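*Asks:* kindly return the folded structure for what I paste below:
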Amino acid sequence: VLDLDAFERTQKAEGLGVGSEGTAGEKNMHDKDFTCALFRFLQLLCEGHNLDFQNYLRTQAGNTTTVNVVISTVDYLLRLQESIMDFYWYYSSKDIIDQPGKDNFCKAITVAKQVFNTLTEVIQGPCSLNQQALAHSRLWDAVGGFLFLFAHMQDKLSKNASQLDLLKELLELQKEMVIMMLSMLEGNVMNGTIGKQMVDTLVESASNVEIILCFFNMFLKLPSLVNSPTVAEIDSKNTGWITPKDFQKAMEQQKIYTTEEIQYLMGCCEPNHDGLIDYREFTERFHNPAKDIGFNLAVLLTNLSEHMPNDPRLSRFLETASSVLNYFEPFLGRIEILGGANRIERVYFEIKESTIDQWEKPQIKESKRAFFYSIVTEGGDKGKLEAFVNFCEDAIFEMQHASSISMEDEEETPTCATAYPFPGADDEPPSAFDPIKKGLNYLKNQIFGVLSYLTPANIKKQIAIMKTKTFPELIKGFFFLLFYTVFYTGWVFYSSSKSLFHMILLLMGGQALVEPGEEEVEDLKQDIWAKPSIMPIEAPPPLPIEAAPVEPAPEAGDRPMQAFGLDITKDEAGGEAKYTMSKAKEGVTPQSSVDQSDAEALSEEDGKKTPDKLLTEEAAQATPPEAKAESQVAVPAEQAVMAMMAAQEPIKPTETPAVAAINFREYGRKLVSFLARNFYTMKYLALVMAFAINFILLFYKVTVPGGDEDEEEGEEEDDDDIVLGNSTFDDSAILGDDDEDLEEWVVIEEKVFYLEPIIRLLAITHSIISFCMLVAYYNLKVPLAIFKREKEIARSLEFDGLYISEQPAEDDINGHWDKLVISTKSFPVNYWDKFVKKRVREKYSETYDFDAISNLLGMDKGSAFSQEEEPTGIWGVITSMDWKYQVWKAGVTITDNAFLYNTWYFTFSVMGNFNFFFFAAHLLDIAVGFKTLRTILQSVTHNGKQLVLTVMLLTIIVYIYTVIAFNFFRKFYVQEEEDEVDQKCHNMLTCFVFHLYKGVRAGGGIGDEIEPPDGDDYETYRILFDITFFFFVIVILLAIIQGLIIDAFGELRDQLQSVVDDMESNCFICGIGKDYFDKVPHGFDTHVQKEHNLANYMFFLMHLINKPDTEYTGQETYVWEFYQKRCWDFFPVGDCFRKQYEEELMGGTS
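*Replies:* Next comes the predicted model:
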């Protein structure tokens, strides 16, 4: 531990200049590393909640002498806390803690963190005996002492930037201590001993706990402050820098801080040398630790308040921590599980904000609705829970996938202010899309500015203002409206034209030329920062020589020579030849490294020389002998560098592009991300456009050109190109022989001719949106279908032994198709369990042949991995692709009903561009998009097999009657119209079609469509024929078909209603009815929203999947082990925490 006396002696010795002498034992915590390693070793021995070793640390059974290592660790922790307290009192009267003091504090804090980590691992599981041992030790004294240190050292260290590193270590120690306290509450029971002792400790340190809570409460509000409109208005350029006065003004205007808190926060700010505050870095520095530790404190207080409901002493902490608890309430998930001791336990965990946002996305709501309607009324509790876990897995993957493709184009919030520019800093090359982005951003801002006047609030406000004006004021306002309409119309046209031409000029011209004044400033900066006498001249790669702009040619002696991006000029003032180097002026083509006149003087042989030799020889030719002698004396360093560069190998010429390379893959990902996020918006937009197109179709008519006037009209219509699809219809069969040459034209009415280009534009736009919907669905929903299929295959392999111990049924097409993928190396891709093949082989290798299983799964028979040389190039890409998996994936994709629906939707949209009437089919999308109408469609397909079989029976019965009619009653099927004889039953096929078309549709059967048998010899048989046809076909079979559809609709309606009734009357998790919970007002609503919330159970499973298993708590390990076994006994079926502790809870509320 720390030794304050030894520290003071060392400090005095150093102050006297004597130096620190003495043995190693006199130095403070010289064995820190060894101590940390020892406690880390004990922690690792208990890793994985090793209950045997946890108990062994407490008592060594079988030994003559046992040592309670748990109690000894607490004693050491208490001594360590007291030594840190001594150092705190030593520095309490000083403004800051010097470096030696910080070093000693950091040593002690590091050891204390490791001790808390070890104690946490010793009691997690939970190990109830170790928890009781700690509860009856002096642990609470150490906790109380650390609470005092945290409360007072936080206040001291946060006010000086030089103390931030020590503050960070202190906050990490506080986090570890709170985690240890949470571990003490694992397996906590109502009004337990440990909970009471912890409350006693918090009550004794009430003032310190309040200081800590107030400290965190202040910094938890910082994001709402820095993201407020007030700060955005002050920092209009979004640089991240703000003056202390403006920062204080922003806090006062937000009205979320008291005067004392504002003064405290201003004391924590550290302005830079210009007197500005980096408010982003300030928020990042304090908010993140406050969020981490504050959440654990919220969990601790929530746990205590729910397990100690009858303790009035907690009310004070809950009142003080109300703002902190309210802040974390949306992110504090809680569920109930049936623990190992057959008691209901509450589990608390963190829910990320991004997870909550994804849960509210339209695709997740659709999946959730489909799950409830399909599973709530089916099976028992076990089957229902297993289906719920499957839904959770699918929803987790869908949320993660949607988050990955929808967050790619969103920039992260900056965590610090923009850096100051430094002289000589290289700017990033501009992007080719920068001018376009600027123009589009400007256009977007202008459009949003106009639309802001059309908001409902603004319109309501303007109407209220208009009602208060007099009639002359309204006349005056009307003329002003006309004037501003004309003015702004012209301004919009001028601004748009100006922006368009400016954008084109930027794209054509590239970077702007450097002004002479700016160049002089740059030359001055270069002279200041560079040292020409010793600066090595580096040869850049040769660039293409381009024609320079025409300028007056200077004299040969005065013309500067360009080399290495510098102008080398000769000055012979005073009889001495001096060479000066300055930055070369940039032209329109800055790539040229030599003048055009010099380039023309080069011969082909010179052109073949290396760039270094070329430039050095040119410089030698342009320099007189006298100047050479002077330059050799003046700049020996340059010549040495040039000689070394000339001796080196020539550098491979490379061209530096004027703009950055375009990353088409990145833009493609952003486009897919945009489409996926707006998939459902595009669906509604396409439906609206389909209605608009079909509304315009109501103005189309059919015209038949005839006569001179009609021909002229037809020519005008043809000239105006208003014929739909340029198609004609031959109507000779309808109009007769006299009108064989006439054609029908489908055209739009002349008075609304302007609708034709509109419908054409709508059709093209609809096709584009339909294609975007297909792409969005493929990237948003198809991966989920692949995930479900891979999960189903993996589970069947591991738990059912499919393809190993049994084979799929002959009629199981999907099962035989899935056998194609299990031998691929890529499988599984989307499913997160990548070791399923290994577990399957280990499980079944004892019963079945190891080599056969390896071949079936596509795994290497040996344990060693053989590394093969991968081919490169196009052939390498082709051969490295897993074609079997891609074929299987394509098969799964094209059999997905929703994907097929979107494909046909797009196909009909494309066909609609050739004939607009194809868009009528898109109106059926309204029945698919709305669940009420979708139920009607499902009523037809719900009993589809029975319906098809009934229709087949109907067809057979009609065919039998056709045979009878063809053999005995042909004469009754002869009809005469205008001296033409029409024989309906002298051909078997014609007779059968006539019975299907006329007989089934007739209300009285086939007898209504043929000649009556009055007075005929077969009258009796005809009557029997007609009556039996009517009875069997019309009365029975058609009624059965209608009944199947009606019954299916009623069944679906009852199922939907049963879902609502079941969810409103019973808890989905535990199955307890509403009547039990409503003994307390709103008891059932509270139970299903907080205690057994379905979303929280899904979030907890997501929490387990994303969290490393080495960091699991005891409860999390317990649930994860059951989940791995596909056992759902941890669900509290038929029981809940409230029912288990009914008496205690009712006693607290009475």
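*Asks:* where do the strands sit along the protein?
*Replies:* Assigned by DSSP state E, the strands in the chain fall at 241-242, 277-278, 332-338, 344-350, 561-563, 566-571, 578-583, 700-703, 729-730, 743-748, 974-977, 980-983.
*Asks:* and the ones you listed, which one averages the lowest pLDDT?
*Replies:* Between the strands of the chain, the one with the least mean pLDDT is strand 729-730; it has a mean of 44.
*Asks:* which non-adjacent residue is nearest the residue most central in space within the chain?
*Replies:* Most central in the chain under Cα atoms, centre = their mean is Ser403, positioned 1.6 Å from the mean C-alpha point. Leaving aside its chain neighbours, Ser403 sits nearest to Gln358 (5.5 Å; criterion: Cβ to Cβ, 6 or more residues apart in numbering). Glycine gets a C-beta too; all of them are placed from N, C-alpha and C.
*Asks:* same deal with Gly1083?
*Replies:* Phe1077 (3.7 Å).
*Asks:* also Lys221?
*Replies:* Ile256 (5.2 Å).
*Asks:* next one: Ser323
*Replies:* Asn217 (5.1 Å).
*Asks:* isn't that neighbour right up against Leu325?
*Replies:* No - counting by Cβ atoms under 8 Å, Asn217 does not reach Leu325; the two are 10.3 Å apart.
*Asks:* and Glu210, what's its pLDDT?
*Replies:* 88.
*Asks:* how far away is the closest residue to it other than its chain neighbours from Leu213?
*Replies:* Distances taken as Cβ to Cβ, 6+ apart place Thr320 nearest to Glu210, at 5.1 Å, with adjacent residues excluded. Distance of Thr320 to Leu213, computed by Cβ to Cβ, to the nearest Å: 5 Å.
*Asks:* helices along the stretch 301-450 of the chain, start to end?
*Replies:* 314-320, 322-328, 353-359, 362-375, 381-406, 434-451 (DSSP state H, counting those that start in this stretch).
*Asks:* touching, Phe787 and Met399? I think so.
*Replies:* No - contact between Phe787 and Met399 fails when scored by Cβ under 8 Å: they sit 11.8 Å apart.
*Asks:* re the thing from before, touching, the residue nearest to Gly1083 and Phe1084? I think so.
*Replies:* Yes - taking Cβ under 8 Å as the definition, Phe1077 is a contact partner of Phe1084 at 4.0 Å.
*Asks:* count of residues packed around Met181?
*Replies:* Residues lying near Met181 (other Cβ atoms under 10 Å) number 24.
*Asks:* what do you get for the one 3 residues further on?
*Replies:* Using other Cβ under 10 Å, Met184 has 24 other residues around it.
*Asks:* pLDDT wise, what is it at?
*Replies:* On the pLDDT scale, Met184 gets 90.
*Asks:* identify the residue spatially nearest to it, adjacent ones excluded.
*Replies:* Ile194 (5.5 Å).
*Asks:* okay, how far is it across stretch 340-352, tip to tip?
*Replies:* 28 Å (Cα to Cα, to the nearest Å).
*Asks:* again with stretch 1032-1042
*Replies:* Note: stretch 1032-1042 ends 14 Å apart using Cα to Cα.
*Asks:* so what touches it?
*Replies:* Applying Cβ atoms under 8 Å, 6 or more residues apart in numbering, the contact partners of stretch 1032-1042 are 947, 950-951, 953-954, 957-958, 961, 999-1000, 1002-1005.
*Asks:* now do 6 Å
*Replies:* Thr950, Leu954, Ile957, Gly1005 (Cβ atoms under 6 Å, 6 or more residues apart in numbering).
*Asks:* ok, and the most crowded of those residues?
*Replies:* Busiest of those [other Cβ under 10 Å] is Gly1005, holding 24 neighbours.
*Asks:* any idea how far Ile1010 is from the residue lying closest to that residue once chain neighbours are set aside?
*Replies:* In space, and not counting its chain neighbours, Gly1005 is closest to Phe1030: 3.5 Å by Cβ to Cβ, 6+ apart. Separation of Phe1030 from Ile1010 (Cβ to Cβ) stands at 13 Å.
*Asks:* cool, and Gln163?
*Replies:* Counting by Cβ to Cβ, the gap from Gln163 to Ile1010 is 106 Å.
*Asks:* who's more crowded, those two?
*Replies:* Legend: neighbour count by other Cβ under 10 Å for Gln163 and Ile1010, higher for Ile1010 (23 against 19).
*Asks:* the helices in the stretch 101-250 of the chain, which residues?
*Replies:* With helices called from DSSP H, counting those that start in this stretch, the stretch 101-250 of the chain shows them at 128-135, 139-157, 164-184, 193-204, 206-220, 222-226, 229-234, 244-254.
*Asks:* which of the residues in stretch 973-982 are buried?
*Replies:* Neighbour counts over stretch 973-982 (16 or more other Cβ atoms under 10 Å) mark Tyr973 as buried.
*Asks:* just stretch 37-46 next, same as before
*Replies:* Applying 16+ other Cβ under 10 Å to stretch 37-46 flags Phe39, Leu42, Gln43, Leu45, Cys46 as buried.
*Asks:* so who does the second one touch?
*Replies:* The one in question is Leu42. Contacts of Leu42 (Cβ under 6 Å, 6+ apart): Thr118.
*Asks:* with the third one instead?
*Replies:* Contact analysis of Gln43 by Cβ under 6 Å, 6+ apart lists Asn117, Thr118, Glu121.
*Asks:* nearest to Lys469, of those residues?
*Replies:* Set against Lys469, the nearest of the contacts of Gln43 by Cβ to Cβ is Asn117 (73.1 Å).
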